[in-house]
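Student: Kindly generate the corresponding structure for this input.
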Amino acid sequence: MKHSKVFLIASLLIFYASSVFSQKYKTASDTVKLNQEYVSVSNEIAELTSKLTIAQNNMPGYQTKAGDANSDAQSSADASSKQASRATNGDIGDAKNAKKKANKAYNNAQDARDADNKVKRQDKKIANLNSQLEKKQARLRELDDMKLAIVNKSL
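Tutor: Alright, predicted model coming up:
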């Protein structure tokens, strides 16, 4: 029991002291560097925000293209299936037409797959940009806290 109290007190002291020592900028002479990093992080946030906005604005276009490609693939697959059933009882011309429609259906299916992959890549890009933006905003809050600590210390 005695050891746990000592451990608890030591843990609390380390916890509270770590926030003070974790600050990169501690004195008034560090404010120039702090302000430079603050401006840099703010610019990075603005850049990430613009990239995120562009990516989000492009997403409906990718989704529309993917939907169109999927419907084209489905309709060409249906046409190919009908042509193939005619070719089973038909002549060589029907077989050639069936092959052409099958190739077209295959190409449309590949286009649909590519469009779906573009949508997935865009989703990942948006998620990545959101993650980076959150990290930069957290760093900006840390810098604000450091500024506040320097101001309070100098008073």
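Student: Tell me the helices and strands packed up against the lengthiest helix in the chain.
Tutor: Assignment by DSSP state H gives helix 92-154 as the longest helix of the chain. On a contact count with 3 or more Cβ pairs under 8 Å, 6 or more residues apart in numbering; DSSP states H and E, helix 92-154 meets helix 31-88. In this view, the C-beta of every residue, glycine as well, is placed from N, C-alpha and C.
Student: picking up where we left off before, what about the longest helix of the chain, distance to the chain center?
Tutor: Relative to the chain's own centre, helix 92-154 is displaced by 6 Å; criterion: Cα atoms, centre = their mean, to the nearest Å.
Student: now the angle between helix 31-88 and it, please.
Tutor: Helix 92-154 runs at 170 degrees relative to helix 31-88, counting by axes from the mean of the first three to the mean of the last three Cα atoms, to 10 degrees.
Student: Return the residues in contact with Asp114.
Tutor: Ala69 (Cβ atoms under 8 Å, 6 or more residues apart in numbering).
Student: do you know how far it is from Ala105?
Tutor: 15 Å (Cβ to Cβ, to the nearest Å).
Student: Which pLDDT value does the model give the nearest residue to Arg86 once chain neighbours are set aside?
Tutor: Nearest residue to Arg86, sequence neighbours excluded (Cβ to Cβ, 6 or more residues apart in numbering): Asp94, at 5.3 Å. Model confidence at Asp94, given as pLDDT, is 87.
Student: Counting neighbours, what do you get for Asp94?
Tutor: 16 (other Cβ atoms under 10 Å).
Student: And for the one 10 residues further on?
Tutor: By the other Cβ under 10 Å criterion, the neighbourhood of Lys104 contains 17 residues.
Student: wait, it sits on Gln83?
Tutor: No - Lys104 is not in contact with Gln83 according to Cβ atoms under 8 Å; the separation is 10.0 Å.
Student: which regions of this protein sit below the pLDDT cut-off?
Tutor: By pLDDT under 70, the low-scoring segments of the chain are 1-23, 155.
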